[in-house]
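Colleague: One predicted model, sequence on top.
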Amino acid sequence: MRREIKVGIVLTCFGLCIVAAFVQRAFELRRVRARPAELYEVVSRQVNAFRDADFSRAYQQASMHLQERFNVEAFADFARKEYPEISHAERIEFGPVRFAGRQALVQVYFFTSSGDVVPCLYSLVYEEHGWKIDGARLEKRWPRGSRLGGMRS
């Protein structure tokens, strides 16, 4: 067989491998995508655990990354100090979800007993056994009487 043919066959095989890798990656990213309700459920489980002061159960909703940084006791202390609005909110509402591969951002609104709204942006990551919370960032509190966007019936 001529050298040009051998090189052509090798390059064709190499090209097919590259295409296969891109196709596999595309399928992987699509497979990870979830319905927003699945992500809302993960956040709700953790919020309910915080309300019940069951930090061990709340810790189960945390990503491996967070569990590497905090043990259960440190996680509980951190949650009590940094996120008191979460456990004391009268109700929560969920906003939009944005996906980026194996990560998602979920906007959550915590309504306090005084009528304030505390927006929080949750970061979730898809791990081996499902979606886990990788972080949360409280945003500037909205004063009493503030309305969320959208239509009300």
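Modeller: That came in fine, so what should we check first? Small disclaimer: the values here were computed from a predicted structure and weren't measured.

Colleague: Helices along this protein, start to end?
Modeller: Using DSSP state H, the helices found in the chain span residues 3-32, 36-51, 55-59, 64-69, 72-82, 84-88.

Colleague: Quick check: which of the ones you listed is nearest to residue 141?
Modeller: Distance to residue 141, taken as C-beta to C-beta, is lowest for helix 84-88 among the helices of the chain, at 8.1 Å. Placement of C-beta: from N, CA and C, glycine included.

Colleague: got a list of contacts for the closest one?
Modeller: Contacts with helix 84-88, where a contact means C-beta atoms under 8 Å, 6 or more residues apart in numbering, come from 47, 50-51, 53, 79-80, 110, 112-113, 118, 120, 136, 138.

Colleague: Just give me the residue closest to the centre of this protein.
Modeller: Against the mean C-alpha coordinate of the chain, by C-alpha atoms, centre = their mean, the closest residue is residue 124 at 1.4 Å.

Colleague: Out of the helices of the chain, which is closest to residue 105?
Modeller: With C-beta to C-beta, the closest approach to residue 105 among the helices of the chain belongs to helix 36-51: 9.3 Å.

Colleague: So what's the gap between the closest one and the chain middle?
Modeller: On the basis of C-alpha atoms, centre = their mean, to the nearest Å, helix 36-51 sits 11 Å off its chain's mean C-alpha point.

Colleague: counting contacts, what elements does it pack onto?
Modeller: Contacts defined by 3 or more C-beta pairs under 8 Å, 6 or more residues apart in numbering; DSSP states H and E place helix 36-51 against helix 55-59, helix 84-88, strand 91-100, strand 103-111, strand 117-127, strand 130-138.

Colleague: what sits against residue 118?
Modeller: By C-beta under 8 Å, 6+ apart, the neighbours of residue 118 are 85, 89, 109, 110, 111, 112, 138, 139, 141, 142.

Colleague: hmm, try it at 10 Å
Modeller: Residues in contact with residue 118 (C-beta atoms under 10 Å, 6 or more residues apart in numbering) are 83-86, 88-89, 92, 108-112, 138-142.
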